[in-house]
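1. Got a predicted model here, sequence first, then my questions.
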Amino acid sequence: MNMLRFKLYAYRNRLVPMCVLMIIPYLVFAPQAPWWANAIGLPLVLVCGVLLFVHVLPMPPANRRATDDSRLSDAEILKMRRNTEPASQQLIQRWAQVTRDSKLQLEEVDQHVTEVMSHAESAVVEIGRRFVEVTRKTRRQVELAVGLLSSTGGVDEAEKKDSLTDYIRASDALLKSLGGQLAALSDQLAALSARQEAVREESKRVDGALDQLAALASEIRVLALDSGRRGNAADNRAFVEMTDRVRALSLTADDSSRAIRKTLEDIKTQARSTDDAIRAIATQARDAGRKSTDQIDELTSATLQKSEEVNGALGEIGALGERIQDDINKIIIELQFQDITQQKLQKLKAPMLSELASSWLAMFEETRAFNRKLGTGAEAPAEMTATGRFRVSLKNSPETPQPAPAAASEPAAPRRDGDGSAKVELF
Amino acid sequence: MAHILVVDDSTTMRQMVAFTLTSAGHEVVEVPDGNQALATAKTKKFDLVITDVNMPGMNGIDLVQSLRALPDCKFIPILVLTTEAGAELKQKGKNAGATGWIVKPFNPEVLLETLKKVL
């Protein structure tokens, strides 16, 4: 029976032409033959056709193929091809073994993929967190550095804080002002000294006047003495007393003149020493002012130069900060690629790998059940059919593995243009 | 400074968006799905919402539609930030009331420029 089925399958494309060729001669002669000859001839033609098909037509070629089990010899394969049932059983057993192994492997792969995705997600989250912290700190550093030399604060002028350069310039202006004030003080001291000189000159003139007064007093005293002598000679007592008083007054005026002269001398001495002191102070103040102005100029120049250098370095830091920002943007884009890839893997894993595993499981169960039927020789005919050339497959298997359909919500493949500028659309 | 609600089921993506926005001086609230976003939007006012499309629970398009039904969110800009670039889905987003559509991966500078345009 199996041989007949095998031949029927192998020659299925030739059956119709063969029948037509056998029937044509009969159809030619049948209209002319009597009815009883037709009644006998028609069954005989059919019987002859069957006998010819079964016993005369050769078996189809059963050479070894690449898909055959290498452990089997050619003779065993030929034998199995002629008797398809044991071959089918062995194929199904192998299929069952393969599906069992594949199912276990799929479960293992699924577990590994889940673990990898979990690790990748936690790693990306941690990297992202650390990255955010690092960039935040870097940005703060740059802001602080740049803030040293640049105005900060609000937009309003009143709220703005001065930069380091502003402070240096203000300090320079203050020091210069101090130098100027020292110079002014020196000038004032010089003027004071001049006034002291004028006082000394005035003292000299007073001294001259005192000399004249002393000379006058002496002359008055001589005149009073002379008048007293004459009055004494004339015995004019009252006149003599008056001349004595005039002489006494003259002596008193002379003493006063001397006292004034002495006071003037003291004043002149003090004025001279004060003048010397003022001159010395003025000279020192002028020298100090000039020297400090020179030093301030030098210091300010050096400080400003350093400030300019720092400003340049901070400008470079700012430029580096911008480049760091670009790098950060690129890292953000790359992290997004990583995340998108992970999401894609997640969405592909759920429907595809799970469906594949369940399909393999169903196929495994179906194959085992079918194998059991074949092994026990169940009454139901084996639902095995040959498909293609000498292949064995399950007929109408409900769980025939099919490629998993693409998930409806499968994300678009990430495009690595890295730009993103043309991907914004405002409605 | 704007108050921005960021909705995305991916922690990494939320972090990236939040980092970009906070660096620009904005205040960001992050939520992982549409339902939580809707609940948050009912309790707090936002100047802008940025949402993903494919999320568990309520998806981004439904979220946009639900947000537009809220009185406080009727006129605020809502940007969709997603890997999806299909014209049909974009049209759905537009019909739901989205203000703009940005395809991932986004460039932070482009995102900030877009924010300036819509705010």
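-> In hand now; what should we look at? Note that the structure is predicted; figures quoted are calculated from it, not measured. Numbering: from 1, shown residues only, chains lettered A, B, ... in the order given.
2. For the stretch 251-400 of chain A, which residue gets nearest to chain B?
-> Nearest to chain B in the stretch 251-400 of chain A, going by C-beta to the nearest C-beta, is A:Gln336, at a distance of 3.4 Å. Placement of C-beta: from N, CA and C, glycine included.
3. Please give the element, helix or strand, for that residue.
-> Taking DSSP states H and E as the definition, one finds A:Gln336 inside helix A:237-348.
4. Just after that helix, pick out the following helix or strand.
-> Going down the chain from helix A:237-348, the next helix or strand is helix A:354-376, by DSSP H and E.
5. starting at the chain centroid, how far to that following helix?
-> The chain centre lies 54 Å from the centre of helix A:354-376; the measure is C-alpha atoms, centre = their mean, to the nearest Å.
6. which residue is nearest the middle of the chain?
-> All of this refers to chain A. Centroid-nearest residue in chain A: A:Ile328, 3.0 Å away (criterion: C-alpha atoms, centre = their mean).
7. nope, chain B please
-> Closest-to-mean residue, chain B, C-alpha atoms, centre = their mean: B:Ile50 / 1.3 Å.
8. State the mean pLDDT of stretch A:121-137.
-> Averaged over stretch A:121-137, pLDDT sits at 77.
9. Any buried residues in it, and which?
-> Residues A:121, A:124-125, A:128, A:131-132, A:135 are the ones in stretch A:121-137 that count as buried (16 or more other C-beta atoms under 10 Å in any protein chain shown).
10. Distance to chain B and secondary structure for those residues - can I get that in a markdown table?
-> Shown next, in a markdown table, are the buried residues of stretch A:121-137 (distance: C-beta to the nearest C-beta, whole Å; DSSP: H, G, I helix; E, B strand; the rest coil):
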| residue | distance to chain B | secondary structure |
| --- | --- | --- |
| A:Glu121 | 8 | helix |
| A:Val124 | 5 | helix |
| A:Val125 | 5 | helix |
| A:Gly128 | 4 | helix |
| A:Phe131 | 8 | helix |
| A:Val132 | 5 | helix |
| A:Thr135 | 7 | helix |
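11. Tell me which two in these are the farthest apart.
-> Using C-beta to C-beta, the two most remote members of the buried residues of stretch A:121-137 are A:Glu121 and A:Thr135, lying 21.0 Å apart.
12. What parts of the stretch 251-400 of chain A come near chain B?
-> Contact residues, the stretch 251-400 of chain A versus chain B (C-beta under 8 Å from any C-beta of the partner chain): A:328-329, A:332-333, A:335-340, A:342-343, A:347.
13. measure stretch A:75-92 end to end?
-> One end of stretch A:75-92 sits 20 Å from the other (C-alpha to C-alpha, to the nearest Å).
14. Report the mean per-residue pLDDT for that stretch.
-> For stretch A:75-92, the mean per-residue pLDDT is 67.
15. and if you look at stretch B:36-45?
-> Here the average pLDDT along stretch B:36-45 is 93.
16. what about residue 19, which helix or strand?
-> Assuming you mean chain A. helix A:15-29.
17. To clarify, I was referring to chain B.
-> Counting by DSSP H and E, B:Phe19 is found in helix B:11-23.
18. Tell me which other helices or strands the helix or strand that that helix is followed by touches.
-> Later in the chain than helix B:11-23, the nearest helix or strand by DSSP H and E is strand B:27-31. Packing partners of strand B:27-31 (3 or more C-beta pairs under 8 Å, 6 or more residues apart in numbering or on different chains; DSSP states H and E): strand B:3-7, helix B:11-23, helix B:34-43.
19. any residues touching the second one, and which ones?
-> Read it as helix B:11-23. With contact meaning C-beta atoms under 8 Å, 6 or more residues apart in numbering or on different chains, helix B:11-23 is reached by A:121, A:124-125, A:128-129, A:132, A:135-136, A:139, A:332, A:335-336, A:338-339, B:4, B:6, B:8, B:28, B:30, B:32, B:50, B:52, B:81, B:104, B:106, B:108, B:111-112, B:115.
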